[in-house]
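S.K.: Return atomic coordinates for the entry below.
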Amino acid sequence: MTGHPWNPVMIEPIVEPSILPVIIIGAGPAGLFAAEFLAKAGHKVQVFDGMASVGRKFLLAGRGGLNLTHSEALAQFKPRYGASQDWARPWLDAFTPDDLKAWAEDLGQPLFIGSSGRVFPRSLKASPLLRAWLRRLQDLGVTITTGARWTGFSETGAAKFSHRDGSSSEQVGAAVLLALGGASWPKLGANGAWTTILGKVGVGITPLEASNVGVHAAWTETLKSGFGGAVLKNVEVGLGEARARGDLVITDTGLEGGPIYALSPALREGLKQGTYQIQIDLRPDVETEALAQRLVMAKAGQSISTALKSHLKLAPPAIALMREATGNKLPATAMGLARLIKSLPIELTGLAGLERAISTAGGINQDSVDEHLMLTTRPGVFVAGEMLNWDAPTGGYLLQACFSSAILAAKGIDAWVQKGVDQS
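M.R.: Here you go, the predicted model:
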């Protein structure tokens, strides 16, 4: 049988399958993807999830169009993982962005590449893809039990669950995959409770923190009431030498948007020390001198706001933010205004919480798993997805790492189970 190089239909099914199923805990992208791989490889797979339905956060991501991955070359893709790029490299080699695109299209979900290089389903929704995916898993014989919250392991190594009806159960597996997510949007199921369970059995864990999340600023009531929800288009945010460009949203409590998310690691560390200042370039494609020259052309008696709108095409939210940052005392000269536009200082007071974060940083440390993502303190227990201690910006990098780590862990599980069968 032929297929895409990653496709597990090409794997020889195990000759004598284990009578025990592979237990997967967590029915998000990482858990479901590992389930698909292992079922195609000939394993009996049982998936358990604490929520009433599967893929809750995956569906939430689809509200913004479901950015599956990014189209840039792998050599540029890997460094997006920052300090964790060396760890993530074998995951991405095991399952590349091209592999993910081929998988989605094989599910009948045609894709397109946006102007920023991000990859989306043409439907711009997660629900059609999830429905097709669940049909495939059903056809493969994967069973999914919802409303079953994992509570740890028994003394004999069985996975323990509490159920919505108040009952409890234990499940013995040939291997276990933990894919419980981080702790962002906890109402959707990923609440980070596993950190306590695993910490008690010697797993090294870096505390979970919000990532790809908005920041707080002490706005005046004038800005909040007049411009809450407004968008600053194509601006550049500066933090020291770091720069990130995109659209910013003025919220009632601060700022959100791609440039803020891209700078999450530095903002997170800086705000631990107290307030922190960023600089916003409201017109990143125009030099300071050119801006000043255009303002010189303003008519005598014309207000500053009118000049900024007519000669620099600045939108009212941008002008409002300039007034906010200066206490409504805008520079009186053309050059002073130009410099402010190119480097608008905004004082930040804090980071938004996990309840609104797109992702989390922190999790299980690299030295607590082997090269197959198996816990060194719990042989036969593997981990994938956002439970692992890695971080990445939005743009397709988050979902890609969840899928890629799931394949690496699933391959490790397949080898582990086959080894056990061979020795029996």
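S.K.: make it CA atoms for all contacts and neighbour counts henceforth
M.R.: Will do.
S.K.: Please tell me how far the closest residue in space to His372 that isn't next to it in sequence sits from Gly380.
M.R.: Distance criterion CA to CA, 6 or more residues apart in numbering; nearest residue to His372, sequence neighbours excluded, is Gly412 at 5.0 Å. Gly412 sits 9 Å away from Gly380, taking CA to CA, to the nearest Å as the criterion.
S.K.: which stretches of this protein have low pLDDT?
M.R.: Counting by pLDDT under 70, the ranges of the chain that qualify are 1-18, 421-424.
S.K.: Report the buried residues of the top helix by length along it.
M.R.: Using DSSP state H, we find that the single longest helix of the chain is helix 397-423. Across helix 397-423, burial judged by 16 or more other CA atoms under 10 Å covers 397-414, 416-418, 421.
S.K.: Point out the other elements, helices or strands, that that helix touches.
M.R.: Contacts defined by 3 or more CA pairs under 8 Å, 6 or more residues apart in numbering; DSSP states H and E place helix 397-423 against helix 29-40, strand 69-70, helix 85-94, helix 97-106, strand 175-178, strand 381-383.
S.K.: Of these, which is nearest Val22?
M.R.: Ranking these by proximity to Val22 (CA to CA) places strand 175-178 first, at 5.1 Å.
S.K.: these two touch, right, Val369 and Pro379?
M.R.: No: judged on CA atoms under 8 Å, Val369 makes no contact with Pro379 at a distance of 9.7 Å.
S.K.: more crowded one of the two?
M.R.: When neighbours are counted by other CA atoms under 10 Å, Val369 and Pro379 differ, and Val369 comes out ahead with 21 against 13.
S.K.: Quick check: the gap between that one and Gly192.
M.R.: Distance of Val369 to Gly192, given as CA to CA: 18 Å.
S.K.: swap in Thr96?
M.R.: Going from Thr96 to Gly192 by CA to CA gives 28 Å.
S.K.: and what of Leu68?
M.R.: Look at Leu68 and Gly192: by CA to CA, they are 24 Å apart.
S.K.: The two - which one has more neighbours?
M.R.: Applying other CA under 10 Å to Leu68 and Gly192 shows that Leu68 carries more neighbours, namely 25 against 19.
S.K.: So the more buried one sits against Gln400, correct?
M.R.: Yes: with contact defined as CA under 8 Å, Leu68 counts as touching Gln400 (6.7 Å).
S.K.: Identify the contacts common to these two.
M.R.: Here Leu68 and Gln400 share the contacting residues Leu100, scored by CA atoms under 8 Å, 6 or more residues apart in numbering.
S.K.: With respect to Leu263, which of the helices and strands packed on helix 397-423 lies nearest?
M.R.: Counting by CA to CA, Leu263 lies closest to helix 85-94 out of the helices and strands packed on helix 397-423; the figure is 16.2 Å.
S.K.: Show me what the closest one is packed up against.
M.R.: Identification of packing neighbours for helix 85-94 by 3+ CA pairs under 8 Å, 6+ apart yields helix 397-423.
S.K.: The helix it packs on vs helix 97-106, what angle?
M.R.: Relative orientation of helix 397-423 versus helix 97-106 (axes from the mean of the first three to the mean of the last three CA atoms, to 10 degrees): 90 degrees.
S.K.: and the longest helix of the chain, how far from the chain's centre?
M.R.: Taking CA atoms, centre = their mean, to the nearest Å, one finds helix 397-423 lying 21 Å from the centre of the chain it belongs to.
S.K.: Run the angle between that helix and helix 29-40 for me.
M.R.: Using the same axes, to 10 degrees, helix 397-423 lies at 40 degrees relative to helix 29-40.
S.K.: mind listing what the residue nearest to His372 touches?
M.R.: Gly412 neighbours (CA under 8 Å, 6+ apart): His372, Leu373, Met374.
S.K.: and stretch 78-95, how far apart are its ends?
M.R.: With CA to CA, one end of stretch 78-95 sits 12 Å from the other.
S.K.: and Lys160, that one's in a strand?
M.R.: Yes: judged by DSSP: H, G, I helix; E, B strand; the rest coil, Lys160 forms part of a strand.
S.K.: Run a quick neighbour tally on it.
M.R.: 17.
S.K.: for it, which residues make a bridge with it?
M.R.: Beta bridges link Lys160 to Gly152, Glu170, judged by DSSP bridges.
S.K.: Against Gly28, how distant is it?
M.R.: From Lys160 across to Gly28, the span is 19 Å (CA to CA).
S.K.: May I have the secondary structure class of the residue in the chain sticking out farthest from the centre?
M.R.: For the chain, the C-alpha farthest from the mean C-alpha position belongs to Ala300; by CA atoms, centre = their mean, that distance is 50.8 Å. Secondary structure state of Ala300, per three-state DSSP, is coil.
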